[in-house]
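[1] No letters, just coordinates:
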């Protein structure tokens, strides 16, 4: 169904279209929310709030990109607000990095094979990091250690952990547009 038709049907509160949108996006949105919250129940609650908001505010919706991007942005914002409400801050945007590494919205136009190639290239970038940065990065994003746990394990300060992760994020963020450009002729 074309996006304009879907949006018009949502504005008219067409329950069938709403249910189709819900069924199509719900699971992916819960997984996405869980990358921020690491709490399945809270993630499901956030996504349900998004769909309630979509229904209640359907007449006022203005989507400039895609419905998927709009819904995922709502999930991201609600997750960040939830984290803020429970006093969790992300001063160096590591939550965003984790969500970027697992969220495929920016990559929805490339094939699964191209996604595997992109992921492999990101891993190669990580392999170019200094050994200590690699270890910190893997402890955080592969083994889900907390800053304090990484600091204790490696006998370094929490600030060193944050600094190394910030530098790793910058290196990855610099490389992603270049890597995506490899696929742009295919888009």
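    Good, I have the coordinates. Computed from a predicted model, the values in this text were never measured in an experiment.
[2] residues near the closest residue in space to residue 51 that isn't next to it in sequence, how many?
    Spatially, and ignoring its direct neighbours in sequence, residue 51 is nearest to residue 22 (5.7 Å; CB to CB, 6 or more residues apart in numbering). C-betas here are computed from N, CA, C, even on glycine. Using other CB atoms under 10 Å, residue 22 has 16 neighbouring residues.
[3] now for the host helix or strand of residue 22, which elements pack on it?
    In the assignment (DSSP states H and E), residue 22 maps to helix 15-37. Helix 15-37 is packed against helix 3-11, helix 40-56, helix 67-85, helix 94-102, with contacts defined by 3 or more CB pairs under 8 Å, 6 or more residues apart in numbering; DSSP states H and E.
[4] Please render those helices as CSV that adds distance to residue 28 to the earlier fields.
    Formatted as CSV, these follow (distance: least, CB to CB, whole Å):
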stretch, distance to residue 28
helix 3-11, 17
helix 40-56, 9
helix 67-85, 8
helix 94-102, 11
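[5] Quick check: the gap between the residue nearest to residue 51 and residue 29.
    10 Å (CB to CB, to the nearest Å).
[6] Which residue ranges make up each domain of the protein?
    3-85, 94-186 (automatic domain parsing).
[7] Mean pLDDT added to the ones you listed, as CSV?
    Formatted as CSV, the domains of the chain follow (pLDDT from 0 to 100):
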stretch, mean pLDDT
domain 3-85, 86
domain 94-186, 73
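[8] So what's the residue count around residue 79?
    Neighbours of residue 79 using other CB under 10 Å come to 23.
[9] That'll do, ta.
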